[in-house]
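Asker: What shape does this take:
(one chain, ligands or ions: 1)
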Amino acid sequence: MKKENDNVILNFPSRLLSPIKLFLEKELVKLKRTKKQLKKDDPFLDENRTIDNSLEEDVDEQIGHFDNEIKSKFLSRQIAQFRTALTRIKIGKYGICEKCGKMIDTDRLAARAEATTCIKCSKESES
Ligand SMILES: [Zn+2]
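Answerer: Residues are numbered from 1 along each chain as shown. Okay, here's the model as predicted:
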């Protein structure tokens with residue numbers, strides 16, 4: 001019979017989890033707020049946007065819009081990541097890698113509380 005996992009899986013005690021949960025929830029609110037603000041700042045959505053823009057104004061708007069899109073996409077990914085981490089807490093799997101099921105290094109979690117994969121798996125998915 002094959003052993004399922006050689007690593008000892010430790011569940012985080014709730015006295016450690018509740019501050020993490022609180023932190024994640026707070027950050028999530030902040031991220032959502034930033035995203036909302038970003039949407040308002042999109043020059044393409046500016047009500048006073050004139051049709052007969054000069055070329056320079058047009059370029060400014062394009063760059064502004066592009067910049068806004070990138071930031072917005074990044075924020076969406078962050079928001080999704082924080083939501084996943086919160087779900088992991090809920091189902092009692094916080095600190096366990098989503099991909100390989102091993103414990104995530106606590107140093108990594110200390111730096112990025114929203115991490116749901118270990119360093120090895122996150123590097124693999126990036127490359
Ligand atoms: Zn992993």
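
Asker: make it CA atoms for all contacts and neighbour counts henceforth
Answerer: Noted.

Asker: Tell me which residue lies nearest the centroid of this structure.
Answerer: The centre of the chain sits closest to residue 78, judged by Cα atoms, centre = their mean, with a distance of 1.9 Å.

Asker: what's the helix or strand for that residue?
Answerer: helix 55-90 (DSSP states H and E).

Asker: Run the chain-centre distance for that helix.
Answerer: 10 Å (Cα atoms, centre = their mean, to the nearest Å).

Asker: so what secondary structure elements neighbour it?
Answerer: helix 14-41 (3 or more Cα pairs under 8 Å, 6 or more residues apart in numbering; DSSP states H and E).

Asker: sorry, back to before: can you tell me which residues contact the spatially closest residue to the residue nearest to the centre of the chain that is not a sequence neighbour?
Answerer: Distance criterion Cα to Cα, 6 or more residues apart in numbering; nearest residue to residue 78, sequence neighbours excluded, is residue 31 at 7.6 Å. Residues in contact with residue 31, defined by Cα atoms under 8 Å, 6 or more residues apart in numbering, are 75, 78-79.

Asker: Kindly report the same for residue 17.
Answerer: Neighbouring residues of residue 17 by Cα under 8 Å, 6+ apart: residue 89.

Asker: Return the distance of it relative to residue 45.
Answerer: Residue 17 sits 41 Å away from residue 45, going by Cα to Cα, to the nearest Å.

Asker: Check residue 124 too.
Answerer: Separation of residue 124 from residue 45 (Cα to Cα) stands at 38 Å.

Asker: Kindly report the same for residue 81.
Answerer: 27 Å.

Asker: Likewise for residue 61?
Answerer: Between residue 61 and residue 45 the distance, using Cα to Cα, works out to 10 Å.

Asker: Can you pull the residues of the chain lying near the ion?
Answerer: Residues of the chain lying close to the ion (Cα under 5 Å from the ion) are 97, 99-100, 118, 121.
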